[in-house]
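**Student:** structure for the following, please:
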Amino acid sequence: MNDGDGTAGHGRPENLRKRTRQFALTVIGLTSELPKTETGRVIGRQLLRSGTSAGAHYREGTRARSTAEFVSKMEGGLQELEESMYWMELILEAGLLPEDRVRPLLSESSELAAIFVTCVKNAKARRSNPAD
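**Tutor:** Below you'll find the model as predicted:
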């Protein structure tokens, strides 16, 4: 879909594509550092799944055939980011990894979630006001 994320002309879609891919790669690295215990494996699998899905949803959204499809994909990505934050919070609270290792990724997930929310709001506003 053409400027469905409200960032056309500003070079940001490519930046968001890179950021979500880098986020996924950092999640992969973080999960490999978790303890090789049952807890570490379970939380790691969950974080790995949700953390790598956000970018996939974004990528699918950029190819959406309609605003409704774009919004659906972006909302799916937002859910994955929220889930990723949950798993990272558990990693911190359980003391599975040092805070300085997890906190930057948690911050990036929060920033990405805010961007996804803005993209959804912009797309919904355009759908409500197609003449704008």
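
**Student:** only C-alpha atoms from now on, for both contacts and neighbour counts.
**Tutor:** Will do.

**Student:** where exactly do the helices run in this structure?
**Tutor:** 12-33, 38-62, 67-93, 99-128 (DSSP state H).

**Student:** can I get the ones you listed in TSV with mean pLDDT and mean neighbour count?
**Tutor:** Output for the helices of the chain, formatted as TSV (pLDDT from 0 to 100; neighbours: other CA atoms under 10 Å):
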stretch	mean pLDDT	mean neighbour count
helix 12-33	93	17
helix 38-62	97	20
helix 67-93	97	21
helix 99-128	95	17
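
**Student:** so residue 56 versus residue 105, what's the distance?
**Tutor:** According to CA to CA, to the nearest Å, residue 56 stands 18 Å off from residue 105.

**Student:** same check on residue 122?
**Tutor:** 26 Å.

**Student:** ditto for residue 27
**Tutor:** For residue 27, the distance to residue 105 (CA to CA) stands at 8 Å.

**Student:** shared neighbours of these two, anything?
**Tutor:** Residues touching both residue 27 and residue 105 (CA atoms under 8 Å, 6 or more residues apart in numbering): none.

**Student:** ok, residue 26 - contacts?
**Tutor:** Contacts for residue 26 (CA under 8 Å, 6+ apart) come out as residue 105.

**Student:** how near is it to residue 115?
**Tutor:** 19 Å.

**Student:** residue 123 contacts residue 72, doesn't it?
**Tutor:** No. Proximity of residue 123 to residue 72 does not meet the contact threshold set by CA atoms under 8 Å, at 10.7 Å.

**Student:** show me what contacts residue 83?
**Tutor:** Listed by CA under 8 Å, 6+ apart, the contact set of residue 83 reads 47, 50.
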